[in-house]
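Visitor: Based on what follows, work out the 3D shape:
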Amino acid sequence: MSDKRNLAFENLLRPHLKHLYRVAYRFTGNAPDAEDLIQDLVVKVYQRPDDIDGVERLRPWLTRVMYRMFIDNRRRYSRSPIHLAVDNHPHGDDEGGALHDSLPSADPSPDEELEENFKSRALRAAMERLSDDHRVVIMLHDVEGYTLEEIAKVLECPIGTLKSRIHRARARLRGLLEGTAAER
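Guide: Now for the predicted structure:
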């Protein structure tokens with residue numbers, strides 16, 4: 001019976017894993033922590049199959065559960081005295097999951113490629129400087145394309161609060177990016 005349950009669980013989650021990893025990567029900013037977050041999510045959901053029953057839209061529900069886990073981990077990490085001595089959350093530029101993954105289809109000139117690389121790095125750096133709340137709403141709405149209603153369910157906040165949070169996050173991101181452009 002356990003094999004049937006495992007197969008059913010795998011078939012249920014498999015279509016969502018790439019999306020969840022991409023979201024987890026954007027939450028955490030690095031591959032190892034994103035993988036840990038996904039693994040913890042899968043274990044948690046597997047241990048509570050009754051929680052999945054009755055879920056109408058699985059992807060937003062899984063994203064909400066993962067977001068809660070991410071916030072819990074962040075709170076736990078921020079209270080830990082260990083993080084003051086050792087920062088084990090690298091933010092290298094060579095890891096996958098860049099916010100701007102594609103180049104134009106025509107072959108870019110070296111100058112265009114350099115400019116695109118600079119913009120991509122500047123965007124990643126600016127996103128990392130945003131607060132967790134701002135980074136999450138920008139990522140869910142502007143990058144992943146969630147609707148306001150879906151994000152409101154994931155974050156469990158009113159749509160009005162969400163709209164103002166998105167507005168403030170975009171303004172902060174714009175300010176960070178304009179500061180980067182001024183430094184060039």
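
Visitor: all contacts plus neighbour counts: C-alpha atoms, from now on.
Guide: Will do.

Visitor: can you list the weak-confidence ranges in the chain?
Guide: Applying pLDDT under 70 to the chain picks out residues 1, 79-114, 180-184.

Visitor: in the protein, which helix has the most residues?
Guide: helix 2-28 (DSSP state H).

Visitor: all helices for this structure, in order.
Guide: With helices called from DSSP H, the chain shows them at 2-28, 31-47, 49-52, 58-79, 82-85, 110-129, 132-138, 148-155, 159-183.

Visitor: Same list (the ones you listed) but as JSON lines, adding mean neighbour count.
Guide: Output for the helices of the chain, formatted as JSON lines (neighbours: other C-alpha atoms under 10 Å):
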{"stretch": "helix 2-28", "mean neighbour count": "15"}
{"stretch": "helix 31-47", "mean neighbour count": "16"}
{"stretch": "helix 49-52", "mean neighbour count": "12"}
{"stretch": "helix 58-79", "mean neighbour count": "16"}
{"stretch": "helix 82-85", "mean neighbour count": "10"}
{"stretch": "helix 110-129", "mean neighbour count": "16"}
{"stretch": "helix 132-138", "mean neighbour count": "19"}
{"stretch": "helix 148-155", "mean neighbour count": "18"}
{"stretch": "helix 159-183", "mean neighbour count": "15"}
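
Visitor: chain center to stretch 44-60: distance?
Guide: In this view, stretch 44-60 has its centroid 20 Å away from the chain centroid, taken as C-alpha atoms, centre = their mean, to the nearest Å.
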